[in-house]
Every structure is written in C-alpha cells, then in structure tokens.
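>>> Could you work out the structure for the sequence below:
(chains A, B and C)
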Amino acid sequence: MTYDRAFFAADPVTVARALLGAVLEVGDAAGGTLAGRIVEVEAYGGADDPASHAAPGRTPRSAIMYGPPGVAYVYFVYGMHHCLNFVTCPDGSAGAVLVRALEPLRGRAAMAARRGLDPAAPDRLLGGGPGRLCRSLGIDLSWNGLPVAARLRRPVDAAGRLRLLADAGSPPRIVASPRIGVRRGAEARWRFCDADSRCLSAPASPPDAAQPGASRRVVRSD
DNA sequence: ATATGGATGCAA
DNA sequence: TGCATCCATATT
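Numbers count the residues shown, from 1 in each chain, chains lettered A, B, ... in the order given. This is a model prediction of the structure:
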C-alpha cells in the first residue's frame, strides 16, 4: 500500500478503512521518532454530511477539507484537545478521516512523558482517543496543513514530521459502528475499528441505540 | 454525572 | 457582540 496523493483522493470511507493498520510516524522536537499503528478512524464527508466540519460549506476552518488531499487537518476542540485528520477527496470536494486511536510502537516512553503519565501506563491512555494521541505525539495546530502523502519528494515541512508506512502484519479485522460524539448524522456507521485492538477509545461494537424515546446521548464506557 | 474552557459559525 | 455548540477527557 502506498499512501500517496491518489490514495487520499478517494472518498473518506474508503480511505478510512484502508488506513486501519497503517503505521503513523512523527518526528518529535528532540529529533526522535514516535510511531503508532492506526486502529480506529472515522470518515467525515462534505456539505452532505451534517456531522462534518465541512457541513456549513467552505468556511475558514473547513477550507482545508475542500483543498488538496493528503494533508493533515488539525483542529482544536472543547477548549483543550487537538484532533488529527487526513484530508481526502479530490481538490475541490471535502472529506477527511479522523484518527481516533493508535497503538504505540516506538517512542512509548516519550509519549508517556509528554502526557505526564507513568511509563507503565497502559497503551490505551497513550493512544486511545483522538485527543490523547495528539497530546502523546505532540501534535497541535501548527501541524495543520502538513503533507502526509508518503510519495511527496519534497515535503513542505522540512522535518517531514508526518509519515505513513505500510503495515507489516496481517490485515486487521474491521468493525464498523456509528461515529462517536456526533449528534447530527449519527446514523452513518462511519467509525472503523481494528476489532482486536486493546487501544480503542471505546468498544468497537457499542450496544445498539436505545429504545425509542430514550436519551440519544451516547454513554461512553471505558 | 460533571467540570473543564477555546474556537467556530451564525443570529442579532 | 452574544451564544449555543462542538469529531474529548479526567475526575467525582
């Protein structure tokens, strides 16, 4: 699998599923390398997807989702967390894949340190959740727009901070479920998990939606 | 269950 | 400008 621009030019659901199992590598400030295996992702569409940041159309924030594929879209949410996405779809149409969980592979100790956790902390606390993994990897708004396409000869970012490598192991067992934390567009089952990972932000197959009339709020077990 | 707390987009 | 909302997490 080559994570080039053509790969990211596909629709977000296709890209999301194909990204499961890929290894995300980032260079940290100290020159070291942190890496993790992608085990949970969510697909977000364009103006037709009410859950997407692109739903209101082209705005200052969503513009990057309408731009060329294969770059990072990083946003800040709830006043404290960063989330990492990859832009999909051809230039001109909007789409993105949110990275929701990683299994730490390299630089585990550095990740724990960055999060202020004990080195013995479980992998879940390092990579299980979009905010957690960004904090562990040191990803913030300054990463917004960085290219991730593996084939770019001359990355815009001189440090080449974002790299995607093919997974060496066997392909993951993929389970689809509704996206987490979304109210509008909750019907779409556009969350994809490696069902055998123990680093997920929530169970791969959450209990089915409540009876009619029950609260629509998702209860997050952990 | 609840506190946390910045950015975004839209109404006013 | 004000305000509801938001792709979350740690703590009670």
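>>> Show me where chain A has its strands.
A:23-27, A:33-44, A:72-77, A:81-87, A:96-106, A:162-165, A:174-177, A:191-194 (DSSP state E).
>>> What does the pLDDT read for A:A166?
Note on A:A166: pLDDT of 90.
>>> returning to that earlier point: can I get the strands of chain A in TSV including mean neighbour count and distance to DNA strand C?
Where you see a C-beta, it was placed from the backbone N, CA and C, and this is true even at glycine. Converted to TSV, those look like this (neighbours: other Cβ atoms under 10 Å; distance: least, Cβ to the nearest atom of the strand, whole Å):
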stretch	mean neighbour count	distance to DNA strand C
strand A:23-27	21	15
strand A:33-44	25	4
strand A:72-77	18	5
strand A:81-87	23	5
strand A:96-106	25	4
strand A:162-165	20	17
strand A:174-177	17	13
strand A:191-194	25	10
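>>> Now distance to A:P206 too, for the ones you listed, in a markdown table please.
A markdown table is the format used below for those (distance: least, Cβ to Cβ, whole Å):
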| stretch | distance to A:P206 |
| --- | --- |
| strand A:23-27 | 25 |
| strand A:33-44 | 12 |
| strand A:72-77 | 21 |
| strand A:81-87 | 20 |
| strand A:96-106 | 13 |
| strand A:162-165 | 28 |
| strand A:174-177 | 6 |
| strand A:191-194 | 9 |
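>>> looking at the ones you listed, which is closest to A:Y66?
Taking Cβ to Cβ, strand A:81-87 is the member of the strands of chain A nearest to A:Y66, at 8.7 Å.
>>> Neighbouring strands of the closest one in the sheet, and parallel or not?
Here strand A:81-87 is paired, per DSSP bridges, with strand A:72-77 (antiparallel), strand A:96-106 (antiparallel).
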